[in-house]
Each structure stands twice: as C-alpha cells, then as structure tokens.
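Participant: quick one, structure for this:
(one chain, ligands or ions: 1)
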Amino acid sequence: MAGQGSSVELPSSLTSRTLPPPRTRIFKMIVIGDSGVGKTCLTYRFCAGRFPEKTEATIGVDFRERLIHIDGENIKIQLWDTAGQERFRKSMVQHYYRNVHAVVFVYDVTSPASFRSLPSWIEECKQHSLGTEVPRILVGNKCDLRESVQVATDIAQQFADSHSMPLFETSAKNPSSQGGGGGGDSGSSDHVEAIFMTVAHKLKSQKPLMLSQPSGAAPIHLDRGRDQGGEARGWACSSC
Ligand SMILES: Nc1nc2c(ncn2[C@@H]2O[C@H](COP(=O)(O)OP(=O)(O)OP(=O)(O)O)[C@@H](O)[C@H]2O)c(=O)[nH]1
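Facilitator: Reported below is the predicted structural model:
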C-alpha cells in the first residue's frame, strides 16, 4: 500500500510553530592558575579531543566550547582559558568572573611554585565576589612526567580538602597516566573528559541557570583563533 511504513513529514512552518526548540543551557567555567601549568592544553583536550601540537602564552582569555548531552538535555560547556601571566590578564580580569558557574584551579605537579600560588588564585576569586556556592575543583596537571613530580598527592589532597574542593590529578598530554587524586577514575582512558563532565553533572543537578539560548541559534564564536602549526584556525568547538 502506498505510503505504508513511511514517515509523515510536516511542513517546517508547522513544526517550528508547534515544537519549540529545545533550550541549551550554558555553563561557564573559568580555568585559572599560573602560567605554563597547562590550562590551554587541558581545555583544548576537552574541546578538541587531543593535545595541541604547540601553545603560546594566553593573552587575555581564550574561549573554547563543547556541546554535550546529559539526560537528553543540551548543555554547552564554555571554558574560559585565562592568561596565567599577570601582564596578559590585567585588563580582562573583571570579565572572567562575570556569570561564572564553576572554577577550575590548575597547578603543575612538577612545579611546587604553581601549587604555592593557589591561595592567591583563590583570593582573586574572593576579591571578585565569587561565592562559595560556585563549584570549584582542583586539577594537578602533567602527571605523565612521573619522574619529575614534586607536589605529593597527599599534600594536594589536604589543600583541596581545606578548601572543600575535589582534587583531580591528570595529564592533558596523556590522560591515562593520571595520578590518584580524590576525583580518581583510574580506569578511564580520558580522565580530562571525566573531570569536566563531573563538573557539568554537578552544575546540571543544581538550580536552573540564567544563561541559555535556543538550540537553533547560531553558535557563539568567542575564540580569537590561533594557528596550530598549519591546522585550521579557530579553537571554539561548538560543534564537537
Ligand atoms: N608533559 C606535559 N606537558 C604539558 C601538559 N600540559 C601542558 N603541557 C606543556 O606545558 C606548556 C604550557 O602549557 P599551556 O597549556 O600553554 O599552559 P597555560 O597554563 O595555558 O599557560 P598560560 O597561557 O601562559 O597561562 C606547553 O609546553 C605544553 O605543551 C601535560 O599534561 N604534560
């Protein structure tokens, strides 16, 4: 019989009137820590799925995005990769802290100085009125450099506990070589993925957020683009 088993296509005018587009919630996470700890590499790995071939010191801020789905809901994770160098962040710093949903503090497990700087990064958050209700996590990066680790897990864990943050030790370069931090997920082949997804799940379970956009809206391209050794420019990955 003609038409049997075939789907019925509705005119687009009808569907657009009867089915409101699902909303996409946006979670803004700022990634902060000393210069060189690997903020760019971590955010790049989460959004692009790999370690960048080369990086330069971030100037001001870079934005990367990734669309994920949790329990059927569209969620856009917007990572603000901030400059670690004071001279590159001065003019931008107040913008980082606007409408922040979560903070990711990063130190380098091979650099005790980057670990010692954490209180000043926490203080900066406080000065910009970031309340304790905003979820924070602590990430010890570069765990692949096993021979050079100088920040012991138990010391980092104590620090994380004293600031009510979960600790994750990982590597943006080789995520399967992560250490045994409090957020441990030692069986995972991509620990970096798990870290950001954990924050997203936590945010999703909180009260609804103010920022959202219809899923049909044009993707926000907030990145300023970089040349990755001849690769296509543009770091945002709203289509990931
Ligand atoms: N071995 C190793 N090297 C890493 C890792 N993550 C980053 N790096 C290297 O560390 C250096 C600094 O990385 P970036 O991601 O640019 O550091 P950043 O924190 O964004 O630095 P700023 O932009 O100056 O604040 C680069 O040479 C990276 O290749 C890692 O997990 N393992």
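Participant: any residues of this structure in contact with the ligand? List them.
Facilitator: Within the chain, the residues that sit near the ligand (CB under 6 Å from any ligand atom) are 35-41, 55, 57-58, 83-85, 141-142, 144-145, 171-173. Using the backbone N, CA and C atoms, a C-beta is placed for each residue, glycine as well.
Participant: give me every residue that touches the residue nearest the centre of the chain.
Facilitator: Taking CA atoms, centre = their mean, the centroid of the chain lies closest to Leu79, which sits 4.3 Å from it. Counting by CB atoms under 8 Å, 6 or more residues apart in numbering, Leu79 touches Met29, Val31, Thr43, Phe46, Cys47, Phe63, Arg64, Glu65, Arg66, Phe196.
Participant: distance of it relative to the ligand?
Facilitator: 11 Å (CB to the nearest ligand atom, to the nearest Å).
Participant: low-confidence ranges in this protein?
Facilitator: Low-confidence segments of the chain (pLDDT under 70): 1-18, 20-21, 175, 177-189, 207-240.
Participant: and the strands in it?
Facilitator: For the chain, the strands defined by DSSP state E cover 23-32, 61-70, 73-82, 102-108, 136-141, 167-169, 212-214.
Participant: could you dump those strands into JSON lines with distance to His128 added?
Facilitator: Shown next, in JSON lines, are those (distance: least, CB to CB, whole Å):
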{"stretch": "strand 23-32", "distance to His128": "10"}
{"stretch": "strand 61-70", "distance to His128": "14"}
{"stretch": "strand 73-82", "distance to His128": "12"}
{"stretch": "strand 102-108", "distance to His128": "10"}
{"stretch": "strand 136-141", "distance to His128": "13"}
{"stretch": "strand 167-169", "distance to His128": "23"}
{"stretch": "strand 212-214", "distance to His128": "23"}
